[in-house]
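Asks: Provided below for reference: sequence and predicted model.
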Amino acid sequence: NNDLTVLGLESSCDDTAAAVVRVSDGQPPQILSSVVFGQNDLHADFGGVVPEIAARAHAEKLDYCVRDALQASGTALSDIDLIAVTAGPGLIGGVLSGVMCAKGIAAGADLPLIGVNHLAGHALTPRLTDQLTYPYLMLLVSGGHCQFLIVHSPTGFTRVGGTIDDAPGEAFDKTARLLGLSQPGGPSVEVRAKLGDPKRFRFPRPLLDRDDCDLSFSGLKTALLRTRDTIITEQGGLRQQDVNDLCAGFQAAVTDTLAAKTRRALRKYLQKAPQSPAIAVAGGVAANQAIRSALETAAAEHDTAFVAPPLALCTDNAAMIAYAGAEVFSAGERSDMTLAARPRWPL
Ligand code: KG4
Ligand code: ZN
């Protein structure tokens, strides 16, 4: 039989993670454990992820993550069939820590090793959680990524479009910083947006005139900064209602842009006429209720199923790496002790 029990490692950004996933023929994959050590506290004073601090923390935490993931899964290293590790893209120090750790375990336990593309991990998650069949459309929206992919196979992806500058999560985080709200910015901006008037300030929706699926979010930050400064000059400061209205206007602009480009991506994808079309989302920004329901509406308009994995599997985790490792391995790919960390690794 083709049962595979996979230990996955993830350390490409600011989460150190390990997980054990079991993949068996004719059964939904099982997440036996998924352990994530976040580094938010370590980077909080710096207003962003500091690569050097992240790399050190990954190197320190990986062993404990592996130990905890094995313990929580009720398996021992001797039950594991495959080691899967994020080999990129991401911060070089973190990716290196993960790859070194995985090589050590693979060599020590004499197990096969597979290097996984972090983006493939996100992109295959809807198969882990919802057993989606190929091909499906995928929207990755996080602090670091923003792209539309048609997922054909574990190693076959067509990039339909994406941001030409910032990722939307980055824009949420910058907005929070400009308005004195706490990090990560997404949740705090969303809370304020609910209390605000999205029509009071009209922020740009760039690239909507272009008939492609590309997006841009850097102009939004500049527009927000300018509007904020105008209010401060006119009123001598920002009132709570101003902050709420700015958040609402900002969120509406991001939502409209994402929804419009999602409609376009759906049209391109549907030209390939899949039998049971589906669009899935992943990434922290997919937690946003307004964005989520706008995407759901766009999917419904195109008679396309909308799949949003549980948030813990939308954001960085190692279960997605273990699962993607199993798929890529079953498709015949192999890595060995020459596996290199690839800070840039396009799909
Ligand atoms: O996927 P993720 O945890 O990490 C990576 O970037 O890989 O995404 C984090 C990003 C942050 O920028 C955060 O502000 C954003 O997702 N985010 C949100 C929300 N929750 C998290 N953005 C908008 N609305 C939210 N509710
Ligand atoms: Zn990610």
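Replies: Sure, I can see it. Ligands and ions are numbered 1, 2, ... in the order given.

Asks: At which residues are the helices of the stretch 101-250 of the chain located?
Replies: Under the criterion DSSP state H, counting those that start in this stretch, helices of the stretch 101-250 of the chain are mapped to 118-130, 168-178, 185-194, 218-235, 240-270.

Asks: any bit of the third one sitting next to ligand 1?
Replies: Yes. Among the residues of helix 185-194, G185, G186, P187, E190 lie within reach of ligand 1 under Cβ under 6 Å from any ligand atom. C-beta coordinates here come from the backbone N, C-alpha and C atoms, glycine included.

Asks: buried ones in that helix?
Replies: Neighbour-count burial for helix 185-194 flags G185, G186, P187, S188, V189, E190, R192, A193 (criterion: 16 or more other Cβ atoms under 10 Å).

Asks: what's that helix packed up against?
Replies: Judged by 3 or more Cβ pairs under 8 Å, 6 or more residues apart in numbering; DSSP states H and E, helix 185-194 is in contact with helix 168-178, helix 240-270, helix 289-301.

Asks: same question, the first one
Replies: When contacts are defined as 3+ Cβ pairs under 8 Å, 6+ apart, helix 118-130 sits against strand 82-88, strand 136-141, strand 146-153, strand 278-282, strand 305-307, helix 311-314, helix 319-330.

Asks: Could you report the pLDDT at the closest residue to ligand 1 within the stretch 51-200 of the chain?
Replies: The nearest approach of the stretch 51-200 of the chain to ligand 1 comes at G186, 1.9 Å away (Cβ to the nearest ligand atom). For G186, the model assigns a pLDDT of 95.

Asks: For the closest residue to D165 other than its chain neighbours, list the residues it contacts.
Replies: Once flanking residues are discounted, D165 sits nearest to S218: 4.0 Å by Cβ to Cβ, 6 or more residues apart in numbering. Neighbouring residues of S218 by Cβ atoms under 8 Å, 6 or more residues apart in numbering: D165, D166, A171.

Asks: With K61 instead?
Replies: T16, F37.

Asks: My reading is that it lies in a strand. Confirm?
Replies: No. Applying DSSP: H, G, I helix; E, B strand; the rest coil, one finds K61 to be helix, outside a strand.

Asks: any idea whether A273 is helix, strand or coil?
Replies: Under three-state DSSP, A273 comes out as coil.

Asks: now the one 3 residues further on
Replies: Per three-state DSSP, the secondary structure class of S276 is coil.

Asks: how much space between it and ligand 1?
Replies: Distance from S276 to ligand 1, counting by Cβ to the nearest ligand atom, to the nearest Å: 27 Å.

Asks: Burial check on that residue, number of neighbours?
Replies: 10 (other Cβ atoms under 10 Å).

Asks: quick one: which of the helices and strands packed on helix 185-194 is nearest ligand 1?
Replies: helix 168-178 (2.6 Å).

Asks: Report the buried residues of the closest one.
Replies: Buried, per 16+ other Cβ under 10 Å, within helix 168-178: P168, G169, E170, A171, F172, D173, K174, T175, A176, L178.

Asks: Can you convert the helices and strands packed on helix 185-194 into TSV and add a column each for distance to T227?
Replies: TSV is the format used below for these (distance: least, Cβ to Cβ, whole Å):
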stretch	distance to T227
helix 168-178	10
helix 240-270	7
helix 289-301	20
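
Asks: So A308 is in contact with A280, correct?
Replies: Yes. Under the criterion of Cβ atoms under 8 Å, A308 makes contact with A280 at 7.1 Å.

Asks: Comparing these two, which residue is more hemmed in?
Replies: A280 (28 against 20).

Asks: Contact distance from ligand 1 - what residues of the stretch 201-347 of the chain qualify?
Replies: Counting by Cβ under 6 Å from any ligand atom, the stretch 201-347 of the chain sits next to ligand 1 at G283, G284, V285, A287, N288, T315, D316.

Asks: Identify the residue nearest the third one in space, chain neighbours excluded?
Replies: Among residues not flanking V285 along the chain, V141 sits closest, at 3.9 Å (Cβ to Cβ, 6+ apart).

Asks: check contacts around that neighbour.
Replies: Applying Cβ under 8 Å, 6+ apart to V141 gives the contacts A167, P168, G169, L258, V281, A282, G283, G284, V285, A286, I291.

Asks: Including distance to S73 and pLDDT, could those go into CSV?
Replies: Formatted as CSV, the contacts of V141 follow (distance: Cβ to Cβ, whole Å; pLDDT from 0 to 100):
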residue, distance to S73, pLDDT
A167, 32, 95
P168, 34, 96
G169, 30, 95
L258, 36, 98
V281, 27, 96
A282, 23, 92
G283, 26, 89
G284, 25, 89
V285, 30, 95
A286, 26, 92
I291, 33, 97
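
Asks: nearest to D229, of those?
Replies: P168 (22.7 Å; Cβ to Cβ).

Asks: give me every residue that touches the closest one.
Replies: Taking Cβ under 8 Å, 6+ apart, one finds V141, C146, L215, F217, V254, L258, V285 in contact with P168.
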